[in-house]
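Q: sequence first, predicted coordinates after that:
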Amino acid sequence: MEIKIDDLTSSEVAELVKEHLHGMAVHSPPESIHALNTKELQNPDITFWSAWEGKELVGCGALKELDCQHGEVKSMRTSKKHLRKGVAGRILRHILNEAKQRGYKSLSLETGSMKAFEPARRLYESFGFQYCGPFSDYKLDPNSVFMKKDL
C-alpha cells in the first residue's frame, strides 16, 4: 500500500470523500456532522493522504493542525471494497508518525457515538486513544465522542 499526500483533485478521491460524507449523513443528524468536503480538506492547515494499492484507491485520512503542539485526525475512510483489510490502521499509523515528526504533543479526534461508528472507536482505542471531553471548537453532543492520545 502506498500512502501519499493528495491534492483531492482526482475523481477517485472526490468519490471516496463523497462516500464518507454520505455515510455521516446516514448515521448522524446534520448538526452533528463534522466531516469535511473536498474544498474544506484543501485548507492549508490540513494535510490529506490517499492510500493506494496499485491504481486502486483503498482509503484516506487527514491531519489538521490545531496549534503547534496539537493535531486532529480528520476524514478517515476506507473504501467499501477494502473494509477489514487493515487499511485504516495503516493510514492511522501514518498520521501518528507524521504528528510525532511535527512535534505534536497530542492528537485528538471526534467520531460518532452510534453503533455504526463502533469499528472506528475500537480502532482508535487499539492505538491508545482515550475518551475525553470536547476539544477545539467542538461542543458536547450526544452524537459525538471525543478521543485523545498523548504522543
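A: Yep, that arrived.

Q: can you name the element that comes right after the helix or strand hosting residue 131?
A: Taking DSSP states H and E as the definition, one finds residue 131 inside strand 130-132. Downstream of strand 130-132, the first helix or strand assigned by DSSP H and E is strand 144-150.

Q: so how far is that next one off the chain centroid?
A: Centre-to-centre, strand 144-150 and its host chain are 12 Å apart (Cα atoms, centre = their mean, to the nearest Å).

Q: and the strand holding residue 131, what does it pack against?
A: Contacts defined by 3 or more Cβ pairs under 8 Å, 6 or more residues apart in numbering; DSSP states H and E place strand 130-132 against strand 144-150. The C-beta positions use only the backbone N, C-alpha and C, and glycine is treated the same way.

Q: 10 Å - rerun?
A: strand 106-112, helix 118-126, strand 144-150 (3 or more Cβ pairs under 10 Å, 6 or more residues apart in numbering; DSSP states H and E).

Q: could you pull out the helices for this structure?
A: With helices called from DSSP state H, the chain shows them at 11-27, 38-41, 87-101, 118-126.

Q: I appreciate the help and will end here.
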